[in-house]
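Student: Need coordinates for the following:
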Amino acid sequence: MVKTQEKNLKSEYDAIIIGAGIAGLTCGNYLAKAGLNVLIAEKHYIAGGYCSSFKKKGFYFDAAAHYLSSCRERGQVGRLLRDHQLDGQLELMRSDPSDVVLTSDRCVQIRTKFSELISEFQRHFPKDATRIREFFKFMRDTDALTLYVTLKSKTFAEVLDGYFSDRKLKGVISILLGNIGLPSTRASALSGVFLFREFVFDGGYYPKGGMQSFVDILVGRFQKYGGTISFLTPITSVVVKHGLVQGVRIRDQLIRTRHIVATCDPHQLFSMLAPPESLNGYSEKVLHGMEPSISAFMIHIGTKKSIKEQVLHKCCVWYYPDYDIDACYLDWVKGKPNFTRGFVFASFPSFHDHNLAPPGKDSLQLIVGSPFMTREYWKQYSEAVSQKVIKHAESFIPNLSNNIEVQYVATPMTLVKYTGNYQGAMYGWASTPTQVGEGRFPETTPITGLLLAGHWAGPPAGQGGIPMVVYSGRSVASRVLREKRPSPLFL
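Tutor: Presented below is the predicted three-dimensional model:
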């Protein structure tokens, strides 16, 4: 649903949140529930960020996020829903398997029951049966502090090498790191393990009505708490005096606050600061050398007729025709737009909920990793790239190219247009060993009252999809409440 701009903003709020993505909505709900007068300012016309959705010609498409995870009672999303009495308002369907990994010689199902997931890997790699069980239990059962101490400086590949020697087994496990946009040789072991704990072991939940329905219930609860959310409302500047937040300017209006939570990327935030010398060189020092994650090239497709009976796998598909995973990522990181290797991720919203496509038709999304290239590059090559990606996808979606009714392409420049994310990054800063733990971009800034949340800042484990973004929003809300006043709300 298209939202409108709030016309009657107050002159002062207890807290102002920049951005109505999942981090902003999470933070806003906790603050508003505690009784604070909160404004969420969103420059787009709908909430959700990468978790938003859109409709075209009767077909429903998810912008980027493909399902929810960590929905168990003590999971990050499960806790968010429970804390705000939303668990009964969102109908979650869970596919089992949640994903399949397709290679040239095998199909590995990512089962949602832990014991069955282990059995599936053991079936494919019987020689490593004992070590598979040990490895998966290590990831699931080791306490967070021990993981942090032992893994913070390691890559995920180093952990895999400590358990396995089979290149194909390590490759299948590593493919799932696509959810943070890195190969095992570059991914933080800490990020990888928490990704498996919160995104893989407890994944595959899809909200009835699509991903936007999850966002919309968060918006509705925030408003019920008395919070204000204003769309089409970009922040002109963040006003600072003597190192203290004073407020924000929206168009020509100064709106006062002593607490600002920015969920946009730091490049956007620091460009808003007025006066610009407020950070005394902090932004240049902190941002220098930080590496963003890869971006993505996405194709949203509506089919002429249903493909559900023809497609063998009714869940998300990771298609890698070979096991040279590093080569794909290294090309993208180096700025080489190599789309010939055939790596494709596919999700199918209408397989979960048939109402997300016209009767007798289906909606699907294809994603490949991508470097950040110029607008001129994509104008010239996006059609050719689309044809390559669709051709690769026909390995598991028969005759797709002849069954396309509608097709919409999103390049890295599209991601910049709607989110402003630096270089169209899909996952904030890249979760490499040097950018997690003590190297993680902090929630705090040198300006009192200015905090950061979302996938550009937050938990020491780095990026891990929606669960880690929820964790970040809750953490920053807790920090604001401690600074603002004692609160009975337990965060």
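Student: okay, CA-based contacts and neighbour counts for the rest of this
Tutor: Noted.
Student: what about the strands in the stretch 151-300 of the chain?
Tutor: 205-207, 228-230, 237-241, 244-250, 253-256, 260-262, 273-274, 295-303 (DSSP state E, counting those that start in this stretch).
Student: Pick the most deeply packed of these.
Tutor: strand 260-262 (a mean of 26; mean count of other C-alpha atoms under 10 Å).
Student: So what are the sheet partners of it and their directions?
Tutor: strand 15-18 (parallel), strand 450-452 (parallel) (DSSP bridges).
Student: all helices of the stretch 51-200 of the chain, in order?
Tutor: Applying DSSP state H, counting those that start in this stretch to the stretch 51-200 of the chain gives helices spanning 76-83, 114-124, 129-141, 144-151, 156-163, 167-175, 189-195.
Student: which of those is buried the deepest?
Tutor: helix 189-195 (a mean of 27).
Student: Rounded mean pLDDT for that helix, please.
Tutor: Mean pLDDT, computed over helix 189-195, is 96.
Student: Nearest to Gln223 among the strands paired with strand 260-262 would be which one?
Tutor: Of all the strands paired with strand 260-262, strand 15-18 sits nearest to Gln223, with 13.9 Å by C-alpha to C-alpha.
Student: gap between Ile307 and His313?
Tutor: Counting by C-alpha to C-alpha, to the nearest Å, the separation of Ile307 from His313 is 11 Å.
Student: same check, this time on Phe372
Tutor: Taken as C-alpha to C-alpha, the span from Phe372 to His313 is 31 Å.
Student: the more surrounded of those two?
Tutor: Phe372 (26 against 17; other C-alpha atoms under 10 Å).
Student: Now do the same for that one: its pLDDT.
Tutor: pLDDT, Phe372: 91.
Student: so who does it touch?
Tutor: By C-alpha atoms under 8 Å, 6 or more residues apart in numbering, the contact set of Phe372 is 294-295, 335, 412-413, 423-424.
Student: Out of the strands paired with strand 260-262, the one nearest Gly171 is which?
Tutor: Closest among these, once you apply C-alpha to C-alpha, is strand 450-452, at 34.7 Å.
Student: what separates that closest one from the chain centre, distance-wise?
Tutor: 20 Å (C-alpha atoms, centre = their mean, to the nearest Å).
Student: could you give me the average pLDDT of stretch 172-181?
Tutor: 94.
Student: Can you give me the end-to-end span of it?
Tutor: End-to-end distance (C-alpha to C-alpha), stretch 172-181: 15 Å.
Student: likewise stretch 174-184?
Tutor: Note: stretch 174-184 ends 6 Å apart using C-alpha to C-alpha.
Student: ok, and what's touching that stretch?
Tutor: 101, 155-157, 187, 192, 195, 293-294, 318, 325-326, 329, 369, 426-427, 430-431, 463-465.
Student: same check, this time on stretch 429-448
Tutor: With C-alpha under 8 Å, 6+ apart as the criterion, stretch 429-448 contacts 148, 152-155, 180-182, 186-191, 240, 243-245, 278-279, 282, 290-294, 450-453, 455-463, 476.
Student: do you know how far Gly465 is from Ser431?
Tutor: Distance from Gly465 to Ser431, by C-alpha to C-alpha: 11 Å.
Student: Between these two, tell me which one has more neighbours.
Tutor: Taking other C-alpha under 10 Å, Gly465 and Ser431 do not tie; Ser431 has more neighbours (30 against 22).
Student: Please identify which of the strands of the stretch 151-300 of the chain is closest to Ser401.
Tutor: strand 295-303 (9.4 Å).
Student: Now list the buried members of the contacts of Phe372.
Tutor: Buried members of the contacts of Phe372, scored by 16 or more other C-alpha atoms under 10 Å, are 294-295, 412-413, 423-424.
Student: is it possible to export those to JSON lines including pLDDT?
Tutor: Below are the buried ones among the contacts of Phe372 laid out as JSON lines (pLDDT from 0 to 100):
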{"residue": "Ile294", "pLDDT": "92"}
{"residue": "Ser295", "pLDDT": "94"}
{"residue": "Pro412", "pLDDT": "95"}
{"residue": "Met413", "pLDDT": "95"}
{"residue": "Gln423", "pLDDT": "92"}
{"residue": "Gly424", "pLDDT": "94"}
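Student: Return the member of the residues you listed nearest to Ile16.
Tutor: Gly424 (24.7 Å).
Student: measure stretch 157-169 end to end?
Tutor: The first-to-last residue distance of stretch 157-169 comes to 12 Å (C-alpha to C-alpha).
Student: outside of that stretch, which residues touch it?
Tutor: Contacts for stretch 157-169 (C-alpha under 8 Å, 6+ apart): 125, 128, 131-132, 135, 170, 184-187, 189, 323.
Student: Break the protein down into its domains, please.
Tutor: Domain assignment for the chain, taken from automatic domain parsing, gives 15-90+209-290+441-484, 110-200, 292-419.
Student: To Asn8, which of those lies closest?
Tutor: Closest among those, using C-alpha to C-alpha: domain 15-90+209-290+441-484, at 9.6 Å.
Student: can you give me how far the closest one is from the chain middle?
Tutor: 13 Å.
Student: Report the separation between the two terminal residues of it.
Tutor: So domain 15-90+209-290+441-484: terminal residues 10 Å apart, C-alpha to C-alpha.
Student: Can you report the mean pLDDT over the residues of that domain?
Tutor: Mean predicted lDDT for domain 15-90+209-290+441-484 stands at 93.
Student: before we move on, back to that, the contacts of Phe372 in helices, which ones?
Tutor: Those of the contacts of Phe372 mapping onto helices are 412-413, per DSSP state H.
Student: of the contacts of Phe372, closest to Ala346?
Tutor: Ser295 (16.1 Å).
Student: Hmm, the closest one is touching Ile367, no?
Tutor: No: Ser295 lies out of contact with Ile367 (C-alpha atoms under 8 Å); the separation is 10.2 Å.
Student: could you dump the strands of the stretch 151-300 of the chain to CSV with distance to Gly48?
Tutor: As requested, the strands of the stretch 151-300 of the chain are exported to CSV (distance: least, C-alpha to C-alpha, whole Å):
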stretch, distance to Gly48
strand 205-207, 14
strand 228-230, 12
strand 237-241, 22
strand 244-250, 21
strand 253-256, 24
strand 260-262, 15
strand 273-274, 24
strand 295-303, 18
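Student: Which among the ones you listed is found nearest to Gln85?
Tutor: Using C-alpha to C-alpha, the nearest of these to Gln85 is strand 205-207, at 16.0 Å.
Student: Packing partners of that closest one?
Tutor: strand 92-94 (3 or more C-alpha pairs under 8 Å, 6 or more residues apart in numbering; DSSP states H and E).
Student: so what secondary structure elements neighbour the strand it packs on?
Tutor: strand 205-207.
Student: and the strand it packs on, how far out from the chain's middle?
Tutor: Relative to the chain's own centre, strand 205-207 is displaced by 15 Å; criterion: C-alpha atoms, centre = their mean.
Student: can you check stretch 421-431 too?
Tutor: That offset, for stretch 421-431, works out to 10 Å (C-alpha atoms, centre = their mean).
Student: end to end, how far does that stretch reach?
Tutor: 16 Å.
Student: Also stretch 178-185?
Tutor: 13 Å.
Student: How about stretch 256-273?
Tutor: 14 Å.
Student: of the buried ones among the contacts of Phe372, closest to Lys361?
Tutor: Nearest member of the buried ones among the contacts of Phe372 to Lys361, counting by C-alpha to C-alpha, is Pro412, at 27.9 Å.
Student: how near is the closest residue to the closest one other than its chain neighbours to Phe345?
Tutor: In this structure, Pro412 finds its nearest non-sequential neighbour in Gly424, 4.9 Å apart by C-alpha to C-alpha, 6 or more residues apart in numbering. Noted for Gly424: a distance of 18 Å to Phe345, by C-alpha to C-alpha.
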